[in-house]
Structure formats: C-alpha cells, structure tokens
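1. I need the structure of the sequence given here:
(one chain, ligands or ions: 1)
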Amino acid sequence: MNVAIELERVTKIYKGKKAVDDLSLKVERGTVFALLGPNGAGKTTTISMILGMKQPTSGTVKLLGGDPKDIQVRDRIGAMLQDVNVIDSLKVAETINLFRSYYTKPQSLEQLLRISGLENEKDKMASSLSGGQQRRLGFALAAAGDPDIIFLDEPTVGMDVTSRQLFWETIRAMADKGRTVVLTTHYLEEADSLADRVVVINEGKIIADGTPSQIKAETTGRVISFTAGASVTTDSLSALPGVKKVEWNGHRATLHSADTDRLITLLIERRYEMRDIEIQSGGLDDAFQALIQQKGDQ
Ligand SMILES: Nc1ncnc2c1ncn2[C@@H]1O[C@H](COP(=O)(O)OP(=O)(O)OP(=O)(O)O)[C@@H](O)[C@H]1O
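-> Presented below is the predicted three-dimensional model:
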C-alpha cells in the first residue's frame, strides 16, 4: 500500500483524560477518507496530531512518510479547519494570492476561484463574505498549494445545497487525480456519497473501519415497510427470524433486518396482510447510531 498517513499506537491525554486511545491507522494515497464520530470522539485531536499541530502523548505519526512538521511535507499538504480566520484588510483574491505565495507549486488563482465557486466574489473584502462563502474561501486556501493531501474538518457546514454539490464534485475530481482527501463530517450522507473508506471513532478508539456500504451492512442492514392489515401484530412481526426492530407509523410497519431477502420471503410465505411494500437500504446515519449503541452495550 502506498501510504499517505500512518498512525502507530497514538494516544493523546489531556489532564488525565484520554482523548485518543492507542489508535493505529494507515490511509492509502488517492483515497477519500472520512473520519466520523460523535461530539468529543477525538476527531479534531487526531487530525491536529496528523498535521503536527498537537504532539501525541505517546505513539508516532507519519505524513507522506515523514514528520508532519517537516517543511517539505508541509509544502504538500493543505488544511481547512473549522474556523476560517480571514484577514480583515484583504480582498478574496488577495487572500488567495497570499496563501499561494507560501507554496512551491501553487494552483492558479483562476482555478482556485473556480473550484471554490468564488469567481463573483473575488474583489469583495474577505471579511464581508457570508459564513458559507468563508468556508468556500477556506477550501480555496487549503487547495492553494495543489496539495497531495487535503484535510477538511467539517467542510460543508453552512454551505447551501448548490455549493455543497460543487464542493463534492471538486473533492471527487481531486481524488481522481490521485490526491488523498481526509474529511471529518457530521453529515453522514456526505461520507456515504464521497468516501472510499470510513473510520468511525468513539472515545478515542476505532469502532468501525470499511467502505460506507460495508459499514452499513455490518450494522442495521436494510428495512422493509408496508401497510399492514388488521391481523398483523407487533408480537408476530418481532418473532420473525432476523427482525431487529419493528416500528409503526399509523398502519404502516417498518421492519429492520440484516437479511431483507429472507425476511420478505418469510412474510409472503406466511401470508401476512401487506400492501405497498418497500425495501430500502438503511442510511449510514442509522449504521453510525447502531455502532455507538453496540459499543455502549458491550
Ligand atoms: N485542549 C484541550 N484540553 C482539554 N481537553 C480537550 C482539549 N481538546 C479536546 N479535549 C477533549 O478531548 C476529547 C476529544 O475532543 P475532540 O475535539 O478531538 O473531539 P471531536 O471528535 O473533534 O469532537 P467534535 O465533533 O465536537 O468537534 C473531548 O473530550 C474534549 O473535551
């Protein structure tokens, strides 16, 4: 594997409390990698250590095979963190040009304005941009050096649907060019539609690692819903093999199961009174909640 990021047994302790707990991880180059987890799971701390902004209490971090603080490594990475601090006296284009000047092989100003959708804002003062536009400026600044690895911490918070769509397309195009994209997000649909690999952390430890579909398959699986006749009861549905949960919305029943093919066969064989049957994939959101739950139950 051509490794972009490597963490070996990394722990970070703040005032006696473990924020990251013995975490080992390798991220292959050219992947879109999403780090998910609830508030306080340790995502920002992990990213900060990968970027060399925080020092691990123990363990080692390698970025592009070297030390994250090494100037040659830094020239090849870009980061968009949660707060974008703009310089009050600079216009959008001037801010981007300032960041371009930090790098050996910057992308052109035109390209950066295009990928961030800020062409019409280039002569505005950076401080006058809306929250969503400032996030897009943050993205342009992170991409200024045409980085091999780009880190995006909650990148689309505050962006409207159109901006988010443009942003996703840009991210995919970067990955297609062999760039590595590391993203933390609370928008699970974002990880679902963008990421090649998802790692879920909770309390500083990895609790799941795989493609979005693997993670979904491992957990809640899929759902069958139908409008039920009067003879259908919760007890009889719950007793069917493989049913994890039964929910009702009026006369409409929703059954959660890891194997919906088998379940639908059973429902038909046993002649349940059903109309308007639908079979759907559970979202990553459900999978994520289920993982946290499983961990809590252990
Ligand atoms: N500078 C600090 N001093 C003390 N504790 C901290 C510090 N930074 C983070 N923590 C604690 O470490 C844990 C992990 O925090 P971290 O910010 O990495 O989580 P996160 O997954 O990024 O959360 P969020 O989704 O809310 O951004 C939390 O319990 C947090 O309170």
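
2. Bridged to residue 62, which residues?
-> Under DSSP bridges, the beta-bridge partners of residue 62 are residue 6.

3. following the biggest helix by length in the chain, which helix or strand shows up next?
-> Across the chain, the longest stretch assigned as helix under DSSP state H is helix 161-176. Counting by DSSP states H and E, the next helix or strand C-terminal to helix 161-176 is strand 180-184.

4. following the one helix or strand residue 78 maps to, which helix or strand comes up?
-> Using DSSP H and E, residue 78 sits within strand 77-80. Later in the chain than strand 77-80, the nearest helix or strand by DSSP H and E is helix 92-100.

5. Excluding sequence neighbours, find me the nearest residue to the residue located most distally from the centre of the chain.
-> Distance to the chain centre peaks in the chain at residue 231, reaching 43.4 Å (criterion: Cα atoms, centre = their mean). In space, and not counting its chain neighbours, residue 231 is closest to residue 273: 5.5 Å by Cβ to Cβ, 6 or more residues apart in numbering. The C-beta positions use only the backbone N, C-alpha and C, and glycine is treated the same way.

6. Hmm, the one you found is touching residue 232, no?
-> Yes - Residue 273 lies in contact with residue 232 (Cβ atoms under 8 Å); the separation is 5.8 Å.

7. Would you mind telling me which of the two has more residues around it?
-> residue 232 (17 against 12; other Cβ atoms under 10 Å).

8. And the more buried one, how far from residue 216?
-> According to Cβ to Cβ, to the nearest Å, residue 232 stands 27 Å off from residue 216.

9. circling back to that earlier point, got a list of contacts for the strand holding residue 78?
-> By Cβ atoms under 8 Å, 6 or more residues apart in numbering, the residues outside strand 77-80 that reach it are 47, 51, 63-64, 135, 138-139, 141-145, 147-153, 155.

10. you'd agree the residue farthest from the centre of the chain is in a strand?
-> No - assessed with DSSP: H, G, I helix; E, B strand; the rest coil, residue 231 is coil; it does not lie in a strand.

11. how much space between it and the ligand?
-> Residue 231 sits 47 Å away from the ligand, going by Cβ to the nearest ligand atom, to the nearest Å.

12. picking that back up, strands - which of the contacts of strand 77-80 land there?
-> 63, 149, 150, 151, 152, 153 (DSSP state E).

13. Not including adjacent chain positions, what is the nearest residue to the fourth one?
-> Looking back up the chat, that one is residue 151. Nearest non-adjacent residue to residue 151, counting by Cβ to Cβ, 6+ apart: residue 79, 4.1 Å away.

14. Local confidence estimate at the one you found?
-> Listed pLDDT for residue 79 reads 94.

15. Around it, how many other residues sit close by?
-> Counted with other Cβ under 10 Å, residues neighbouring residue 79 total 20.

16. mind checking how far it is from the ligand?
-> From residue 79 to the ligand the distance is 14 Å (Cβ to the nearest ligand atom).

17. Pipe the ones in strands among the contacts of strand 77-80 into TSV and attach neighbour count per row.
-> Below are these laid out as TSV (neighbours: other Cβ atoms under 10 Å):
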residue	neighbour count
63	25
149	22
150	24
151	25
152	26
153	22
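
18. Surely residue 199 is in a strand?
-> Yes - with three-state DSSP as the criterion, residue 199 is part of a strand.

19. what sits against it?
-> Contacts for residue 199 (Cβ under 8 Å, 6+ apart) come out as 25, 33, 34, 35, 36, 206, 208, 209.

20. For the ligand, state which of those is nearest.
-> The ligand lies nearest to residue 35 out of the contacts of residue 199, by Cβ to the nearest ligand atom, at 8.3 Å.

21. That closest one belongs to a strand, doesn't it?
-> Yes - assessed by three-state DSSP, residue 35 belongs to a strand.

22. Was I right to think it contacts residue 190?
-> No - using Cβ under 8 Å, residue 35 is not in contact with residue 190; the gap is 11.9 Å.

23. Now for those two: what residues contact both?
-> Joint contacts of residue 35 and residue 190 (Cβ under 8 Å, 6+ apart) are residue 183.

24. Compare these two (neighbour count), which wins?
-> Higher neighbour count among residue 35 and residue 190: residue 35, with 27 against 22, using other Cβ under 10 Å.

25. show me the contacts for that one.
-> The contact partners of residue 35, by Cβ under 8 Å, 6+ apart, come to 43, 46, 47, 182, 183, 184, 199, 201.

26. which regions of this structure lie under the pLDDT threshold?
-> Applying pLDDT under 70 to the chain flags residues 217-221, 282-287, 289-290, 293-298.

27. Close to the ligand: what parts of it are there?
-> Within reach of the ligand by Cβ under 6 Å from any ligand atom, the chain has these residues: 14, 15, 19, 37, 39, 40, 41, 42, 43, 44, 45.
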